[in-house]
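Novice: Need a 3D model of the following:
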Amino acid sequence: MDNEKIVIDSNVFYAFLNEEDSLHLEAEELLWKISDKIIIVPYSVLLEVTTLLSYRQWKEKANNFIKILQDTDNVFIVSNSVYDDIELFLDINAKISFADISLISICKKYNANLVTFDKQLANIYKKILK
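Specialist: Predicted coordinates for the structure are as follows:
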């Protein structure tokens, strides 16, 4: 296993799990490329992906997603620190959602790279952490 740490945004997981998504093949390829890395899944991503799957697809698919994460040796589900997220949100002078701030905060805490299809989030991440 590679020691590089990766935080994956919910849009990548959702595209991978939804074969009708326009980014499905790209997500599939991307997850394959990083499969040997340490994957960090913030609780906020778990929450968002399982909610989308439960409401747009079916609950069984959400359950399977959780089980796959739990059963994969190089995947770690972590809790967000609301205080770290608040501090970072207040320090950033950009239009950004609190959910996206939480991803950047986790990347900062674990010295991890961010994988996302959200170009705005990727740009803010690069400005803050790179």
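Novice: ok, now which ones touch the closest residue to residue 108 other than its chain neighbours?
Specialist: Computed as Cβ to Cβ, 6 or more residues apart in numbering, the closest residue to residue 108 that is not its neighbour in sequence is residue 129, at 6.1 Å. Placement of C-beta: from N, CA and C, glycine included. Residue 129 sits next to 104, 107, 108 when contact means Cβ atoms under 8 Å, 6 or more residues apart in numbering.
Novice: would you turn these into JSON lines with distance to residue 42, neighbour count and pLDDT?
Specialist: As requested, the contacts of residue 129 are exported to JSON lines (distance: Cβ to Cβ, whole Å; neighbours: other Cβ atoms under 10 Å; pLDDT from 0 to 100):
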{"residue": "104", "distance to residue 42": "10", "neighbour count": "23", "pLDDT": "94"}
{"residue": "107", "distance to residue 42": "9", "neighbour count": "20", "pLDDT": "95"}
{"residue": "108", "distance to residue 42": "12", "neighbour count": "15", "pLDDT": "93"}
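Novice: contacting residues around the nearest residue to residue 116 once chain neighbours are set aside?
Specialist: Distances taken as Cβ to Cβ, 6+ apart place residue 9 nearest to residue 116, at 3.6 Å, with adjacent residues excluded. Contact analysis of residue 9 by Cβ under 8 Å, 6+ apart lists 45, 103, 114, 115, 116, 117, 118, 121.
Novice: Just the mean pLDDT for the strand or helix carrying the third one, thanks.
Specialist: Following DSSP states H and E, one finds residue 114 within strand 113-115. Throughout strand 113-115, pLDDT has a mean value of 97.
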